[in-house]
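**Q** predicted model follows, preceded by the sequence.
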Amino acid sequence: MLELNVYQNNREESTTYLKWYPRVDYKECLGIDGLADHMAHHNTPFSKGAIAGILKDAVSCIRELTLNGLTVKIDNLAIFKCSVEGNPVNKLYDQQKGAIRAALGNKEPYAVKNVKLLAQATGDYVRAELNKDATLGWTKAAQDRIDQARANQNP
């Protein structure tokens with residue numbers, strides 16, 4: 001079950017200032033070892049160590065492939081790909097600096113601000129399927145806050 005907490009937008013410049021939103025309350029973050037341990041308990045002939053090794057190799061390969069401009073699709077999970085966040089530039093070519101190029105970490109305003117990894121849901125993991133399969137509930141703190149707001153409401 002996804003447990004939800006609530007938060008209020010306190011940014012005064014926002015058009016949704018003081019509005020309330022749900023947010024998933026994450027319990028923990030599993031790394032490769034935690035995932036391998038979980039997978040090893042699902043009737044597999046492979047040990048936690050073998051699974052962890054395969055996952056580590058998969059992570060390394062996905063990183064290598066995406067940094068070489070390929071996309072990697074893992075069915076019913078996600079399509080992984082690299083993207084860039086750009087800076088606006090006034091000139092495509094500057095006589096002093098040559099062609100505008102990516103220069104991460106450089107103080108000059110080059111075309112690329114940073115590189116990021118994107119994961120786009122696919123197959124059984126797309127939004128429509130997640131909406132059907134997800135079970136939602138409030139955290140105790142959120143439920144207490146909702147109950148308090150209900151009690152303080154004027155008729």
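**A** Looks like it arrived, so ask away. This structure is a prediction, so every number in the text was calculated from the model and none was measured.

**Q** can we go C-alpha only for contacts and neighbour counts from here?
**A** OK.

**Q** before we move on, which element is the residue nearest the centre of the chain in?
**A** Closest residue to the average C-alpha location of the chain: residue 119 at 7.3 Å, with C-alpha atoms, centre = their mean. Using DSSP states H and E, residue 119 maps to strand 112-121.

**Q** right, and the helix or strand after that strand?
**A** Using DSSP H and E, the helix or strand that follows strand 112-121 in sequence is helix 127-133.

**Q** how about the helices in this structure?
**A** Secondary structure of the chain (DSSP state H): helices at 32-40, 48-67, 127-133, 140-152.

**Q** now the first one against helix 48-67, angle please.
**A** It stands for helix 32-40. Helix 32-40 runs at 120 degrees relative to helix 48-67, counting by axes from the mean of the first three to the mean of the last three C-alpha atoms, to 10 degrees.

**Q** and if you look at the last one?
**A** Note on geometry: by the same axes, to 10 degrees, helix 140-152 and helix 48-67 are set 70 degrees apart in direction.

**Q** what packs against helix 140-152?
**A** strand 2-8 (3 or more C-alpha pairs under 8 Å, 6 or more residues apart in numbering; DSSP states H and E).
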